[in-house]
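Colleague: no FASTA, just this:
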């Protein structure tokens with residue numbers, strides 16, 4: 001990997017918590033990742049049919065599901081899978097897809113400038129506090145004519161769960177996400193040409209709240225925000241949460257809505 005490696009992974013304590021959480025979830029992730037597959041397939045379908053990158057990067061590759069999908073679509077291309085969670089990389093590497101698996105941070109990519117033609121990132125960048133740095137790194141690493149295709153989450157995600165907890169106490173129980181307007185503003189100022197930027201809600205349904213919270217834990221996506229309550233949730237508070245969430249029940253079950261942001265950006269040819 002000597003032609004790609006540039007800087008070692010750096011990280012902040014919060015990022016280490018994110019990495020540790022997803023590392024622990026590596027074995028259970030794929031069993032509960034139906035939404036992640038749907039979103040990633042939709043993102044993959046947004047790439048132009050004639051687009052054929054010589055080298056692609058699966059940014060936040062997780063278990064490597066879309067590394068393998070990219071390898072299948074771009075059979076003659078070289079693939080790089082990158083994740084901040086080393087547990088995910090250990091799980092993904094034996095399954096193949098990419099030629100290289102490296103630990104790295106989307107805000108400080110350990111790659112040479114102008115080394116990739118496609119940066120593909122599905123439901124990973126919501127964990128990056130500095131999205132401007134992500135875009136700056138993408139612009140640096142992409143070759144002219146290359147693309148950044150990403151899906152992420154914005155405000156409104158898990159709003160039913162957030163509102164239900166708000167009725168119980170004032171603590172932070174649900175991960176925070178940036179506003180859609182922030183994605184728009186930062187993409188507009190990134191130096192990349194915006195081919196597409198839109199948000200699409202995806203709603204899943206669960207028989208009960210515990211099914212939802214179990215799935216979030218299995219994904220490694222349970223509450224990682226500063227200000228979250230420590231220790232176990234008391235029985236009375238949990239019962240209050242269950243009662244509050246019931247007001248959202250639909251014929252299909254309890255809804256959990258994800259506000260998914262899709263973006264495709266192009267690096268111009270100088």
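Modeller: Arrived safely, thanks for sending. Just so it is clear, the structure is predicted and the values come from calculations on it, not from any experiment.
Colleague: Centre of this protein to the edge, which residue is at the far end?
Modeller: Farthest-out residue of the chain from its mean C-alpha position, per C-alpha atoms, centre = their mean: residue 236, at 33.2 Å.
Colleague: Any stretches of the stretch 151-270 of the chain with poor pLDDT?
Modeller: 170-173, 219-233, 270 (pLDDT under 70).
Colleague: what about the strands in it?
Modeller: 193-206, 254-266 (DSSP state E, counting those that start in this stretch).
Colleague: Please identify the most buried of those strands.
Modeller: Compared across those, strand 254-266 shows the largest average neighbour count, a mean of 21 (mean count of other C-beta atoms under 10 Å). Using the backbone N, CA and C atoms, a C-beta is placed for each residue, glycine as well.
Colleague: Which residue, other than its chain neighbours, is closest to residue 100?
Modeller: In space, and not counting its chain neighbours, residue 100 is closest to residue 80: 4.7 Å by C-beta to C-beta, 6 or more residues apart in numbering.
Colleague: where does residue 134 land in three-state SS?
Modeller: helix (DSSP: H, G, I helix; E, B strand; the rest coil).
Colleague: tell me the contacts of it?
Modeller: 106-107, 125, 128 (C-beta atoms under 8 Å, 6 or more residues apart in numbering).
Colleague: out of those residues, who has the most neighbours?
Modeller: residue 106 (26 neighbours; other C-beta atoms under 10 Å).
Colleague: related to what we said a few turns ago, quick check: which of the strands of the stretch 151-270 of the chain is nearest to residue 84?
Modeller: With C-beta to C-beta, the closest approach to residue 84 among the strands of the stretch 151-270 of the chain belongs to strand 254-266: 19.8 Å.
Colleague: Regarding residue 118, which helix or strand does it belong to?
Modeller: strand 116-122 (DSSP states H and E).
Colleague: quick one: contacts of that strand?
Modeller: 36, 39-40, 43-44, 47, 51, 53-60, 66, 70, 74, 77, 80, 106, 138, 141-143, 145-152.
Colleague: quick one: contacts for residue 263?
Modeller: Applying C-beta under 8 Å, 6+ apart, the residues near residue 263 are 148-152, 183, 187, 194, 196-197.
Colleague: buried subset of those?
Modeller: Buried subset of the contacts of residue 263 (neighbour count, 16 or more other C-beta atoms under 10 Å): 148-152, 183, 187, 197.
Colleague: Closest one to residue 206 out of those residues, please.
Modeller: Distances from residue 206 to the buried ones among the contacts of residue 263, taken by C-beta to C-beta, are shortest for residue 151, at 21.8 Å.
Colleague: so how far is residue 77 from the closest one?
Modeller: 20 Å (C-beta to C-beta, to the nearest Å).
Colleague: And residue 247, by the same measure?
Modeller: From residue 247 to residue 77 the distance is 49 Å (C-beta to C-beta).
Colleague: Pretty sure residue 187 sits against residue 193.
Modeller: No: contact criterion C-beta atoms under 8 Å: residue 187 and residue 193 do not qualify, at 9.6 Å.
Colleague: Between those two, which contacts overlap?
Modeller: residue 265.
Colleague: ok, so what distance separates residue 237 from residue 207?
Modeller: Distance, residue 237 to residue 207, using C-beta to C-beta: 21 Å.
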